[in-house]
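# Take this sequence and fold it.
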Amino acid sequence: MRKVGAFEAKNTLGSLLDRVENGEEVVITRRGKEVARLVPAATGIDRARAENAARGLLELSRGLTLGGISIKDLINEGRR
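Have a look, this model is predicted:
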């Protein structure tokens, strides 16, 4: 991880973006205090993360009831 001051970042933005594009992280400081972080942009959908999220939602919904009525009963009632 490279740290650069705000003035240097302004003057060398193109080369900093090249570094970030190659996977490096750059922290921009102002008067020695970290104020921003340049990181590579996400490249598309993380399929494994999406599948884990869907699995978690399904597990949370199992066995849920609303006032003693199950979600399945409500769905079936709506289909009549």
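
# Okay, the nearest residue to T12 once chain neighbours are set aside and E21: tell me how far apart.
Take T12 and drop its neighbours on the chain: the residue closest to it by CB to CB, 6 or more residues apart in numbering is V4, 7.3 Å away. All C-beta atoms are positioned from the backbone trio N, CA, C, and that covers glycine. Shown here: V4 relative to E21, a distance of 16 Å by CB to CB, to the nearest Å.

# Tell me which of those two has more neighbours.
Taking other CB atoms under 10 Å, V4 and E21 do not tie; V4 has more neighbours (18 against 11).

# quick one: secondary structure of that one?
Assigned by DSSP: H, G, I helix; E, B strand; the rest coil, the conformation of V4 is strand.

# Quick one: residues contacting the residue nearest to T12.
For V4, the contacting residues are T12, L16, V26, V27, I28, T29, by CB atoms under 8 Å, 6 or more residues apart in numbering.

# again, only this time at 10 Å
Going by CB atoms under 10 Å, 6 or more residues apart in numbering, V4 touches K10, N11, T12, L13, L16, R19, V26, V27, I28, T29, L38.

# which regions of the chain lie under the pLDDT threshold?
Judged by pLDDT under 70, the chain has its weakly predicted residues at 65.

# For it, just list every one of the strands.
Using DSSP state E, the strands of the chain run over 2-5, 26-30, 33-38, 65-66, 69-70.

# For R47, find the nearest of those strands.
Evaluated with CB to CB, the strands of the chain place strand 33-38 nearest to R47, the distance being 25.8 Å.

# just how off-centre is stretch 26-37 within its chain?
21 Å (CA atoms, centre = their mean, to the nearest Å).

# Any chance you could list what contacts it?
With CB under 10 Å, 6+ apart as the criterion, stretch 26-37 contacts 1-10, 12-13, 15-17, 19-20, 25, 38-39.
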